[in-house]
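In: Give me coordinates for this.
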Amino acid sequence: MSADKKKRFRLLSVAGTALILIVIILCSLLVGPGIFGYRMYHVLSGSMEPKLMVGSLIYVKEGKPEDVKEGDIIAFYASQDGGIITHRVQKNQIVSGTFTTKGDANEREDPMPVSYDDYIGTVRFHIPHLGKALTKMTSVYGKIAAACTVLIGAVLNLIGSGHGKK
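Out: Next up, the predicted model:
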């Protein structure tokens, strides 16, 4: 077999391995943090820009609401519709068991205090732009696409490694 053909087969093998690794890395971003007690959310609005951009993936860690400090970014359930909001704490009123919050991009504080009962956790870190992609990956179509990508990667790897040695 010519050196050129061996090079092409080696390239197929590398491409197949790369596809499999990409899926493994994306899956580990979804599953791994949950093992350590983090919840992941996808930022849908611009109320926390520029700190948390729309489409960012945020990792939220549960904790005691009494330990939350002014300036921390927290995730909480909206009292009116049960949606999840991520805003910065302006005040933590331990006596009343509430937070005063505000989105960084908003001019005013949120009109309603956030009850400790609605507190989910504190944002520990975020990855810009990755939330939308990982949200799609958890859908039925995303799971099918991930499985197909791994299958294609395995086939490319087998073709490349099987013919490249001859």
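In: Only C-alpha atoms from now on, for both contacts and neighbour counts.
Out: OK.
In: Tell me where this protein has helices.
Out: 3-35, 130-137, 140-164 (DSSP state H).
In: Any idea which of those helices gets closest to residue 46?
Out: helix 130-137 (13.7 Å; CA to CA).
In: Please spell out which residues along the closest one are buried.
Out: Using 16 or more other CA atoms under 10 Å as the burial criterion, the residues of helix 130-137 that qualify are 130, 131, 132, 134, 135, 137.
In: The spatially closest residue to residue 137 that is not a sequence neighbour: neighbouring residues, count only.
Out: Using CA to CA, 6 or more residues apart in numbering and skipping residues adjacent in sequence, the residue nearest residue 137 is residue 143, 5.8 Å away. Around residue 143 there are 13 other residues, counting by other CA atoms under 10 Å.
In: Relative to residue 62, how far out is residue 143?
Out: Distance, residue 143 to residue 62, using CA to CA, to the nearest Å: 28 Å.
In: Which neighbouring elements make contact with the worst-scoring helix or strand of the chain on mean pLDDT?
Out: Within the chain, no helix or strand scores below helix 130-137, which has a mean of 80 by mean pLDDT, DSSP states H and E. Applying 3 or more CA pairs under 8 Å, 6 or more residues apart in numbering; DSSP states H and E, we find helix 130-137 packed against strand 38-42, strand 57-61, helix 140-164.
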